[in-house]
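Participant: show me how the following folds:
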Amino acid sequence: MLRPLRDRQRPAPSPRPPLIRELLLVGALYLAYKLGRRAANGQFDDAYANAERVWDLERFLRLPSEAAVQDLVLHSEALIRFINVYYATVHFPATVVFLIWMYWRRPGFYVWIRWTITWLTGAALVLHLLVPLAPPRLFRPLRMIDTGLEYGPAVYDKPDPNSMANQFAAMPSLHVGWAVLIAVGLIVATRSRLRWLWLLHPLITALAVVATAHHYWMDGLVACAILGTVLYFLRPPLRAAASAARAAAPASNRRVPTTEVTDPARTPEVGAVGSVGDGDREIATLRKKQELAAPEAGLAPKDH
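Facilitator: Below you'll find the model as predicted:
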């Protein structure tokens, strides 16, 4: 007996969390982070001592000199201005737009992203409290300049222990951490062949934070290590990934209805029926059944 198999049902899209709740939650998390950075402000002596340790560690690891990178970029005023603008204006708006897009277009991935960015930012706050770090522009032995003050736009004024902007919270770099998360989230949640271009965002961001003397290489590496650890324990939702892949698959690659033999002992003979389409095959099968089930009047002798 032949039974048509229906195409697999596409998984139902994951429901979006309540919008008001998400706005309050994300806003509260960000406020807590800003207040935590403020509490870590003012540790100047520890920040300069840690800067010297980080610099020595980078030289031991043979990482490129941040000062050499800045000297190279300063050869082009247009490039350094572009990098300054990118550092000052892209980081936070890009993250907000990313969260909004995930919430609206990929709700199945949104909760995963929200928890990932929460754990990443929380771990960064702990390091801000435990490891205050003077950025390269404030570490005089490096003789690096604050490119924002020289070429604009400027992000920070002189360090102030009473300011909400803690300039000694350089370890780790959330500019780099959030940028990598944006790239990873968009690569996982989309299926466009061009999605790998999102990796340009963290690459440009890493260059920007170093060339502008706001961070060391180690700040970005530690942020990536934290993010990698968080992603190891918080895997992307498989159901949402499968739904996104199926939605992006071309029509020619999707499953089509097929037939299945449910009883091998009653497999139909291969003949004209097997050479026609699915609809003709079913019609031929029904006709054969009707012939077998027809009354035997045609076989009985006629009365004379």
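
Participant: and the helices in the stretch 1-150 of the chain, which stretches?
Facilitator: For the stretch 1-150 of the chain, applying DSSP state H, counting those that start in this stretch gives helices covering 19-39, 44-60, 66-73, 77-89, 91-105, 107-130, 147-151.

Participant: tabulate the ones you listed in a markdown table, adding columns for distance to residue 232 and mean pLDDT.
Facilitator: (Glycine included, C-beta is placed from N, CA and C.) Listed next are the helices of the stretch 1-150 of the chain as a markdown table, based on distance: least, CB to CB, whole Å; pLDDT from 0 to 100:
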| stretch | distance to residue 232 | mean pLDDT |
| --- | --- | --- |
| helix 19-39 | 21 | 88 |
| helix 44-60 | 24 | 93 |
| helix 66-73 | 29 | 95 |
| helix 77-89 | 29 | 95 |
| helix 91-105 | 20 | 95 |
| helix 107-130 | 11 | 94 |
| helix 147-151 | 35 | 91 |
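
Participant: residue 221: which of these is closest?
Facilitator: helix 44-60 (9.4 Å; CB to CB).

Participant: contacts for that closest one?
Facilitator: Residues outside helix 44-60 that contact it (CB atoms under 8 Å, 6 or more residues apart in numbering): 131-136, 138-139, 141-142, 159, 161, 168, 171, 216-218.

Participant: what's the answer for stretch 85-101, then?
Facilitator: Residues outside stretch 85-101 that contact it (CB under 8 Å, 6+ apart) are 26, 110, 113-114, 117, 148, 153, 155, 175, 178-179, 182, 185-186, 201, 204-205, 208-209, 212, 214.

Participant: so which bits of that stretch are buried?
Facilitator: 86, 87, 88, 90, 91, 94, 95, 98, 99 (16 or more other CB atoms under 10 Å).

Participant: from those, which is closest to residue 66?
Facilitator: For the buried residues of stretch 85-101, the nearest to residue 66 is residue 87 (14.1 Å; CB to CB).

Participant: look up how far residue 236 lies from that closest one.
Facilitator: Per CB to CB, to the nearest Å, residue 87 is found 29 Å from residue 236.

Participant: okay if I get the buried residues of stretch 85-101 as JSON lines plus distance to residue 227?
Facilitator: Shown next, in JSON lines, are those (distance: CB to CB, whole Å):
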{"residue": "86", "distance to residue 227": "20"}
{"residue": "87", "distance to residue 227": "19"}
{"residue": "88", "distance to residue 227": "23"}
{"residue": "90", "distance to residue 227": "18"}
{"residue": "91", "distance to residue 227": "15"}
{"residue": "94", "distance to residue 227": "16"}
{"residue": "95", "distance to residue 227": "13"}
{"residue": "98", "distance to residue 227": "14"}
{"residue": "99", "distance to residue 227": "16"}
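
Participant: with adjacent residues omitted, what lies nearest to residue 41?
Facilitator: Nearest non-adjacent residue to residue 41, counting by CB to CB, 6 or more residues apart in numbering: residue 166, 4.1 Å away.

Participant: thought the one you found was touching residue 36?
Facilitator: No. Counting by CB atoms under 8 Å, residue 166 does not reach residue 36; the two are 9.1 Å apart.

Participant: quickly list what's touching both of the two.
Facilitator: Shared contacts of residue 166 and residue 36, counting by CB under 8 Å, 6+ apart, come down to residue 128.

Participant: can you pull out the helices in the stretch 151-300 of the chain?
Facilitator: 174-189, 200-211, 217-233, 238-248, 278-293.

Participant: against which helices or strands is the second one packed?
Facilitator: Helices and strands touching helix 200-211, as assessed by 3 or more CB pairs under 8 Å, 6 or more residues apart in numbering; DSSP states H and E, comprise helix 66-73, helix 77-89, helix 174-189, helix 217-233.

Participant: can you list the residues that contact that helix?
Facilitator: 66, 69-70, 73, 80, 83-84, 86-87, 90-91, 94, 136, 147, 173, 175-176, 179-180, 182-183, 215-217, 219-220.

Participant: what angle separates it from helix 174-189?
Facilitator: 170 degrees (axes from the mean of the first three to the mean of the last three CA atoms, to 10 degrees).
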